[in-house]
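S.K.: compute the structure for the input listed below.
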Amino acid sequence: MSTPFPRPSTPPLLASGQSSPIPPNEHGLGWPAKSTVSRLNATAEERAEREKKIAGAVRTILECIGEDPDREGLQRTPERYAQAVMWMTKGYEERLSDVLNNAIFAEDHDEMVLVRDIDISSLCEHHLVPFTGKIAIAYIPGQNQLVLGLSKLARIAETFSRRLQVQERLTKQIAIAVQEAINPRGVAVVMEATHLCMTMRGVQKPGSITVTSCMLGCFRTQQKTREEFLTLVKGR
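M.R.: Numbers count the residues shown, from 1 in each chain. Predicted coordinates:
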């Protein structure tokens, strides 16, 4: 998988004067999709036209399932859905450099940093229905002793979850984004989620939980470090 930030020849400087390992790409986006840049740079008129097209498609869906899109309860549903789905996928418009907002600091800390129980909601790209759950993100600072502002770990998770996703890719994208941001010794991400495409349709198994993980660096190569992380995640 490609990294979210192709590295430039001259990385930006931190407030401390150190050279930051986070290099923004041309648009500052992580893994932009085919139409991401055009959405990012859309004018107000173009955004209105996008919502109009979505609303038209939703009206067609209502007709196809046997509903009357002109009845009172559904008259504004196409427009409401268009606005809602644009908000639920706003991660396509968020630049990771803006998300981090220079909250990268040099600290004399070489032990694990863990933020757990981060609530996320996303849309399954296979059925366009939600999946929700919690994420734990941990890293161990590298030789550069750089740490992230704690809220930025949650913001990174939020950015990638506000796109059409599969849980496996979401987990890995978060881990690689943290790795690229501060170049730590290792990054670990574990996600537990419930998918409505499993509980409302298909096998219809309410209560089923899907668990995915991504281990990079020392979390992958050192069993003791990995076990410490998993123990802390489970110690709720």
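
S.K.: what lies in contact with stretch 160-169?
M.R.: 30, 33, 88-92, 94, 120-126, 128, 131, 133, 170, 173-174, 177, 191, 193, 195, 210, 212 (C-beta atoms under 8 Å, 6 or more residues apart in numbering). For the C-beta atoms, the positions are set from N, CA and C on the backbone; glycine is no exception.

S.K.: among those residues, name the ones in strands.
M.R.: 120-124, 131, 133, 191, 193, 195, 210, 212 (DSSP state E).

S.K.: of all the residues you listed, which comes closest to Ala44?
M.R.: The closest of those to Ala44 turns out to be Leu123 (C-beta to C-beta; 24.7 Å).

S.K.: just to be sure, Cys214 is in a helix?
M.R.: No - if the criterion is DSSP: H, G, I helix; E, B strand; the rest coil, then Cys214 is strand and not within a helix.

S.K.: distance of it from Ala188?
M.R.: 7 Å (C-beta to C-beta, to the nearest Å).

S.K.: anything in contact with each of those two?
M.R.: Ala175.

S.K.: those two: who's more crowded?
M.R.: Shown here are Cys214 and Ala188; by other C-beta atoms under 10 Å, Ala188 has more neighbours (28 against 23).

S.K.: list phi and psi for the more buried one.
M.R.: Backbone geometry at Ala188, expressed as degrees, to the nearest 10, gives phi -130, psi 140.

S.K.: what's the pLDDT at it?
M.R.: For Ala188, the pLDDT comes out at 98.

S.K.: same question, Ala84
M.R.: Taking Ala84 on its own, its pLDDT is 97.

S.K.: doesn't it lie inside a helix?
M.R.: Yes - under three-state DSSP, Ala84 falls within a helix.

S.K.: need the contact list for it.
M.R.: No contacts exist for Ala84 under C-beta under 8 Å, 6+ apart.

S.K.: can I get the lowest-mean-pLDDT helix or strand in the chain in CSV? Just the C-alpha atoms.
M.R.: Counting by mean pLDDT, DSSP states H and E, the chain has its least confident helix or strand at helix 196-199, which shows a mean of 87. The C-alpha coordinates for helix 196-199 follow below in CSV (Å, rounded to 0.1, in the frame of the first residue of the first chain):
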residue,chain,number,x,y,z
LEU,A,196,-25.1,-3.3,9.9
CYS,A,197,-24.6,-5.2,6.7
MET,A,198,-24.2,-8.3,8.9
THR,A,199,-26.8,-7.5,11.5
